[in-house]
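Visitor: quick one: sequence and predicted model below, then my questions.
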Amino acid sequence: MKILSASQIRLADQFTIENEPISSIDLMERASEAFVSWFTGQFKKKDEVLAVCGTGNNGGDGLAISRMLLAGGYKVKVAIAGDTAKGSEDFKTNLRRLEKLSVVVYDTSDTDFQTNIIIDALFGSGLSRPVTGGLADLIKKINDSEAEVVAVDIPSGLYCDDPSKGDAIVEADNVVTFQLPKLAFLLPENGRFVKNWATVDIGLNTEFISSQDSNFQLIELGLVREKLKKRPKFFHKGQAGKALLVTGSKGKMGAAVLCAKACLRSGVGLLEVHIPEIGNTILQTAVPEAMVLLDKDDVISETMDGQEYDAIGFGPGLGTEEQTYSALRNYLENQKTPVVIDADALNLISLHPDLLNLIPPNSILTPHPGEFKRLAGSWADDFQRLKMQVDFSTRNKVIIILKNAHSSISLPNGSVFFNSTGNPGMATGGSGDVLTGIITGLLSQGYSPQDSSTMGVYIHGLAGDLASKRSSEEGLIASDIIEFLPNAFKKIRENS
């Protein structure tokens with residue numbers, strides 16, 4: 001799914017109006033019906049609803065939504081902020097339609113905000129300046145209320161494509177956005193304003209959307225299902241790839257175990273794990289399916305030469321000792337195909353930037369925000385961080401997976417994919433080690449670095465979602481993600 005800018009979405013609206021053809025008021029009606037369909041699936045008629053509307057088209061949506069909910073038996077009170085005489089034409093049309101129902105429309109200054117649900121329809125995606133004055137006070141009233149807040153298309157005061165300015169932004173519990181998600185929804189700094197979001201199809205012209213240039217896309221089930229290979233009847237382990245994981249050190253062998261198990265559960269045919277000798281019993285016992293290559297030291301200090309692998313993953317539990325830096329350097333100097341780099345291997349690159357020049361093109365780096373900051377420097381906001389991530393990928397010809405709620409995957413060509421699976425329960429030690437194993441396993445099976453990355457984060461998040469349904473988010477641990485990897489693959493294959 002493409003992620004378009006606010007200006008591109010307006011063009012999509014206009015193209016649909018002109019070429020379907022459909023009037024703007026009827027398109028607003030269709031959007032409002034889509035919102036109401038979502039809303040009635042979430043909330044019962046016993047709930048009291050307050051719709052807070054501006055006088056632009058977002059407010060027009062709010063009025064149409066109120067009319068439809070009233071017709072459906074919901075208890076709805078409507079309050080308008082601003083001069084209705086100066087409202088948009090579609091706003092005025094919907095106000096007349098609502099007034100025909102003999103509904104009392106309140107001014108927001110006279111409104112009681114003690115209600116179960118507030119529908120935020122003050123401002124839409126076209127906002128380009130901070131909200132101030134009385135409208136800012138109104139947003140504070142919404143945020144201070146105990147009601148559940150549902151925003152129409154976007155929380156009022158939030159910018160789509162740039163860092164938002166000022167404090168007057170609606171903190172929405174749910175956002176029902178039209179057709180496509182907004183870039184702002186996917187960035188951590190906006191988490192308090194967009195706690196949950198859902199897209200509803202309002203019938204914008206799909207050919208026009210497809211024709212629009214965008215560097216941003218959302219990874220969805222259909223994309224992963226399309227990429228996932230089917231194994232032929234006479235498939236054997238040699239065709240499923242041979243992978244090497246370079247992991248572990250004294251006290252950190254758990255990372256090696258998690259990474260290895262995840263790699264195996266992702267379908268690799270043969271797996272070898274280069275670990276310190278001290279971890280031999282641990283790994284041979286915990287992961288009998290893996291073959292072990294033993295280093296003479298308590299940390300990785302050697303390079304295992306004379307073997308060829310379809311993919312190599314570095315990092316979980318490595319440590320950052322000088323001898324490990326030398327071993328990593330030797331490995332990279334002799335590696336021509338893309339590798340996966342995580343955890344302490346990333347920290348070694350931060351400590352020894354000369355390693356950057358040795359990383360094969362299209363390799364996959366999987367930092368969390370702290371690791372990326374050590375690699376690339378600090379940022380003022382998440383939009384700047386995203387730009388730095390893209391610059392790092394294009395400059396160094398690598399793929400960066402910046403792990404977060406919506407992990408962002410930047411490619412050397414400047415494109416960015418955002419993940420749509422996962423949950424807060426996955427914020428637990430070892431979860432990143434599991435991701436490294438998954439991606440290394442996919443890469444070894446002949447998936448491209450791009451597909452290994454996009455599929456890997458989606459499958460990782462989906463396994464976490466399935467695991468959390470059994471264990472709860474609080475009870476989820478990294479091993480649970482591995483346990484549910486088979487279920488994740490099965491779910492992706494369903495109906496394919």
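Guide: Yep, that arrived. Numbering: from 1, shown residues only.

Visitor: residue 51: what's it in contact with?
Guide: Residue 51 makes contacts with 62, 63, 65, 66, 76, 77, 78, 79, 118, 119, 121, as judged by Cβ atoms under 8 Å, 6 or more residues apart in numbering. Heads up, the C-betas are built off the backbone N, CA and C, glycines and all.

Visitor: isn't the last one right up against residue 53?
Guide: Yes. Contact criterion Cβ atoms under 8 Å: residue 121 and residue 53 qualify, at 4.6 Å.

Visitor: and the two most separated of the contacts of residue 51?
Guide: Distances among those were taken as Cβ to Cβ; the most separated pair is 63 and 118, at 14.9 Å.

Visitor: more crowded one of the two?
Guide: Using other Cβ atoms under 10 Å as the criterion, residue 63 and residue 118 rank with residue 63 on top: 30 against 26.

Visitor: for that one, give its distance to residue 318.
Guide: 59 Å (Cβ to Cβ, to the nearest Å).

Visitor: do residue 158 as well
Guide: Spatial separation of residue 158 from residue 318 under the definition Cβ to Cβ is 41 Å.

Visitor: who has more neighbours out of those two?
Guide: The residue with more neighbours, out of residue 158 and residue 318 and counting by other Cβ under 10 Å, is residue 318; that gives 29 against 23.

Visitor: okay, now the closest residue to that one other than its chain neighbours: neighbour count?
Guide: Counting by Cβ to Cβ, 6 or more residues apart in numbering, residue 318 lies nearest to residue 344, which is 3.8 Å off, once chain neighbours are set aside. Per other Cβ under 10 Å, the neighbour tally for residue 344 reads 27.

Visitor: and residue 344, that one's in a strand?
Guide: No. Under DSSP: H, G, I helix; E, B strand; the rest coil, residue 344 falls outside any strand and is assigned helix.

Visitor: quick check, residue 79 in contact with residue 107.
Guide: Yes. Counting by Cβ under 8 Å, residue 79 does reach residue 107; the two are 6.8 Å apart.

Visitor: neighbour-wise, which of these two wins?
Guide: residue 79 (21 against 11).

Visitor: and the helix or strand where the more buried one lies, what's buried?
Guide: Residue 79 is part of strand 75-80 when elements are defined by DSSP states H and E. The neighbour-count check on strand 75-80 (16 or more other Cβ atoms under 10 Å) flags 76, 77, 78, 79, 80 as buried.

Visitor: distance check, the third one against residue 457.
Guide: The gap separating residue 78 from residue 457 is 42 Å, by Cβ to Cβ.

Visitor: roughly how far out does the helix or strand of the chain with the lowest mean pLDDT sit from the chain middle?
Guide: Comparing helices and strands within the chain by mean pLDDT, DSSP states H and E singles out strand 105-107 as the least confident, with a mean of 92. From the chain centre to the centre of strand 105-107 is a distance of 39 Å (Cα atoms, centre = their mean, to the nearest Å).

Visitor: show me what it is packed against.
Guide: strand 75-80, helix 89-99 (3 or more Cβ pairs under 8 Å, 6 or more residues apart in numbering; DSSP states H and E).

Visitor: can you do 10 Å?
Guide: strand 48-53, strand 75-80, helix 89-99 (3 or more Cβ pairs under 10 Å, 6 or more residues apart in numbering; DSSP states H and E).

Visitor: for the longest one, packing partners?
Guide: By that I understand helix 89-99. Helix 89-99 packs on helix 24-42, strand 48-53, helix 57-71, strand 75-80, strand 105-107, going by 3+ Cβ pairs under 10 Å, 6+ apart.

Visitor: CA atoms of that helix as PDB?
Guide: Output in PDB follows, covering the C-alpha atoms of helix 89-99 (Å, rounded to 0.1, in the frame of the first residue of the first chain):
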ATOM      1  CA  GLU A  89     -19.900  24.500   0.600                       C
ATOM      2  CA  ASP A  90     -20.000  20.800   1.400                       C
ATOM      3  CA  PHE A  91     -20.000  21.700   5.100                       C
ATOM      4  CA  LYS A  92     -23.000  23.900   4.600                       C
ATOM      5  CA  THR A  93     -24.900  21.200   2.600                       C
ATOM      6  CA  ASN A  94     -24.400  18.700   5.400                       C
ATOM      7  CA  LEU A  95     -25.400  21.300   8.000                       C
ATOM      8  CA  ARG A  96     -28.700  21.800   6.200                       C
ATOM      9  CA  ARG A  97     -29.300  18.100   5.900                       C
ATOM     10  CA  LEU A  98     -28.700  17.700   9.600                       C
ATOM     11  CA  GLU A  99     -31.000  20.500  10.600                       C
END
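
Visitor: let's test this: mean pLDDT of that helix, rounded?
Guide: In this model, helix 89-99 has an average pLDDT of 97.
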